[in-house]
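>>> Need coordinates for the below:
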Amino acid sequence: MEVLESRVDTESAEYQANFAHNLALVEELKRELAMARDQRSERALARNRQQNKLTVRERLDLLLDRNTPFLELSPLAARNMYGGGVHAAGVVAGIGVVAGREVLVHANDQLIKGGTTYPLGVKKALRAQAIARENRLPLIYLVDSGGAFLPLQSEIFPDADDGGRIFYNQAVLSKLGVPQVCGVLGLCTAGAAYIPAMSDEVVHVAGSGAIFLGGPPLVKAATGEEVSAQELGGAEVHCRESGVSDYLAQDDAHAMELIRQIVANLPPNAKTDIGRREPKPPLYDPQEIYGILPPSLSTPYDAREVLARLVDGSQFLEFKPLYGPTLVTGWAHIHGYPVGILANNGVLFSDSSLKATQFIQLCDKRGIPLLFLQNISGYMIGRDYERGGITKDGHKMVNAVATATVPKFTVIIGASFGAGNYGMCGRAYGPRFLWMWPNAQIGVMGGEQAAQVLATVKNEQLAREGQPPLPAEAVQQIMGPIIEAARKEGDAYYSTANMWDDGILDPAQTRDVLGLAISAALNAPLRDDRLGYGTFRM
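Numbers count the residues shown, from 1 in each chain. Sure thing, here's the model as predicted:
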């Protein structure tokens, strides 16, 4: 493969200004992640120690193999929501290695509202199960939860993608043969009781773990019976009498060791071979990406400069380099894994859409995973482009993205607007994982454009009614709130708080995260055998 030759002058004033701007964004990200990880009340910590429990991070340290990476998912979910303090939606979830096996771990953080489940906690659980299903990863639940947060029960309980879906998914995962292991480390109340009940194997901690459909207060209110949590659903009850639990652990540390033994005892899983090579670092420092990204998303730059700092050996075989130049397509390796890459270099025209369609089909037929690097304002619009068939050509690209069966991965490295989000494999198009960079923005369109559209529509309405157009002051009154709302709701932190992505990445760490994600994806069969596409409008 050809080696990408960087043309970036790392001594230039522009590079230095870009670097300082993006380094500040990364430092802000690190502060946010540290706060989500570590900010816990002294009262909750003291109570946890009194109960002889480990924190969720201490549990993970004992569960996961030493000196192995943990790819945490949505660590900033629910940021600044629910009145603040519900860090990571009260759940730590991610992909790690246990007894040499890649697994997905979903663990309640009992230091946040006693592990109570919030609406975004449900969404995070469902996302974890979807990742386990798609990638055939054994799923470990570490349960320590007081159940649903009752003031928001209408957002947790009744709908198709609310709390009940968790247990539905457990049944489906079981049918698919995806192992599920549950550690009962605290309360498993109400619906949460079904998590151990529907798992393959259950480890139950004596003295602190308790499983019951209705806790002692509800039992007393409903039947008048007075009973303690341990008498109602403790380890002795469920290991000796009901049979709900399978292994009795003396404490949290013992429970983590038992879960490790259970995972070690699982049947081996042969990972899909896609011809991995010996990994090579890029020729250029990934941190130089900071100096490439301009502060304004409207300022163009060459996506190849990012690729040169992302792929093995900075080697890239570009496909159709002279055709459809606003989309860069080609083959490379990341941590030894082959990938087909699509990276935006401008707005999508008919030619770039057709190039993308052909390239996606080639990768799908050859069994090569797809990586989309989104920095897209959308498809080209206008009379000449509509007459030239941009809608049907864009449809071909969207069709190919939707129906490709190889693993797809998406990183939003800049703008992600309108149908461009769809064509470049946004969340709705089924990427195995999707991340954002701190500079990224997402929305139907940019705030300025949205505001101008609304102002134009209002003036056209007035013209039809025979009235004069709005004065400049009134136009600004309309546009200002629209621009501000788009800025706030298109922000990377707003996206990640609402779990529209799997997290915000430091651009310099993207290469390593992608390597872990591709490795996890290869636990599942590479693709659906039913290769094929829907109707392409000619």
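
>>> Am I right that Leu187 is in a strand?
Yes. Under DSSP: H, G, I helix; E, B strand; the rest coil, Leu187 sits within a strand.

>>> list the buried ones in stretch 293-303?
Across stretch 293-303, burial judged by 16 or more other CB atoms under 10 Å covers Leu293, Pro294, Leu297, Asp302, Ala303. C-betas here are computed from N, CA, C, even on glycine.

>>> And the furthest pair within those residues?
Leu297 and Asp302 (15.1 Å; CB to CB).

>>> what's the closest of the buried residues of stretch 293-303 to Lys175?
Using CB to CB, the buried residues of stretch 293-303 come closest to Lys175 at Ala303, 42.0 Å.

>>> what separates that closest one from Ala474, distance-wise?
41 Å (CB to CB, to the nearest Å).

>>> low-confidence ranges in the stretch 351-500 of the chain?
445-447, 451 (pLDDT under 70).

>>> The same query, at a cut-off of 80, please.
Where the stretch 351-500 of the chain drops to pLDDT under 80, the residues are 444-455, 475, 477-479, 482-488.

>>> Spell out, range by range, the helices that occur in it.
Here the stretch 351-500 of the chain has its helices, by DSSP state H, counting those that start in this stretch, at 383-387, 390-403, 418-423, 447-464, 472-489, 492-497.

>>> Go through those and name the closest to Gln153.
The nearest among the helices of the stretch 351-500 of the chain, by CB to CB, is helix 492-497 at 21.2 Å.

>>> Ile166: how many residues sit nearby?
22 (other CB atoms under 10 Å).

>>> list the contacts for it?
Val122, Ala125, Leu126, Gln129, Gly191, Tyr194, Ile195 (CB atoms under 8 Å, 6 or more residues apart in numbering).

>>> Okay, buried residues for the helix or strand hosting it please.
Per DSSP states H and E, Ile166 falls inside helix 164-176. For helix 164-176, a neighbour-count test (16+ other CB under 10 Å) marks Gly164, Arg165, Ile166, Phe167, Asn169, Gln170, Leu173 as buried.

>>> just these now: which is nearest Gly183?
Gln170 (15.0 Å).

>>> so how far is Phe167 from the nearest residue to the closest one once chain neighbours are set aside?
With CB to CB, 6 or more residues apart in numbering as the criterion, Gln170 has its nearest non-adjacent residue at 4.1 Å, and that residue is Met198. From Met198 across to Phe167, the span is 6 Å (CB to CB).

>>> Strands of the stretch 101-250 of the chain, residue ranges please.
Along the stretch 101-250 of the chain, counting by DSSP state E, counting those that start in this stretch, strands occupy 101-108, 139-145, 180-189, 201-205, 210-212, 247-249.

>>> Ok, which of those strands comes nearest Asp285?
Nearest to Asp285, of all these, is strand 101-108, at 28.6 Å by CB to CB.

>>> Turn the helices of the stretch 351-500 of the chain into CSV, columns for distance to Gly83 and mean neighbour count.
Output for those, formatted as CSV (distance: least, CB to CB, whole Å; neighbours: other CB atoms under 10 Å):
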stretch, distance to Gly83, mean neighbour count
helix 383-387, 47, 10
helix 390-403, 38, 21
helix 418-423, 31, 22
helix 447-464, 27, 15
helix 472-489, 18, 14
helix 492-497, 13, 21
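
>>> Just the CA trace of stretch 243-262, in CSV.
Backbone C-alpha positions of stretch 243-262 (Å, rounded to 0.1, in the frame of the first residue of the first chain) are rendered in CSV as follows:
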residue,chain,number,x,y,z
GLY,A,243,-32.6,-22.5,43.8
VAL,A,244,-32.6,-19.1,42.1
SER,A,245,-28.9,-18.6,42.9
ASP,A,246,-26.1,-21.1,42.1
TYR,A,247,-23.0,-20.0,44.0
LEU,A,248,-22.7,-18.5,47.5
ALA,A,249,-20.0,-15.9,47.8
GLN,A,250,-18.7,-14.7,51.2
ASP,A,251,-18.0,-11.2,50.0
ASP,A,252,-17.6,-9.1,46.9
ALA,A,253,-14.0,-10.2,46.2
HIS,A,254,-15.1,-13.9,46.5
ALA,A,255,-17.9,-13.2,44.1
MET,A,256,-15.5,-11.7,41.5
GLU,A,257,-13.3,-14.8,41.7
LEU,A,258,-16.3,-17.1,41.3
ILE,A,259,-17.4,-15.2,38.2
ARG,A,260,-13.9,-15.4,36.8
GLN,A,261,-14.0,-19.2,37.2
ILE,A,262,-17.4,-19.4,35.6
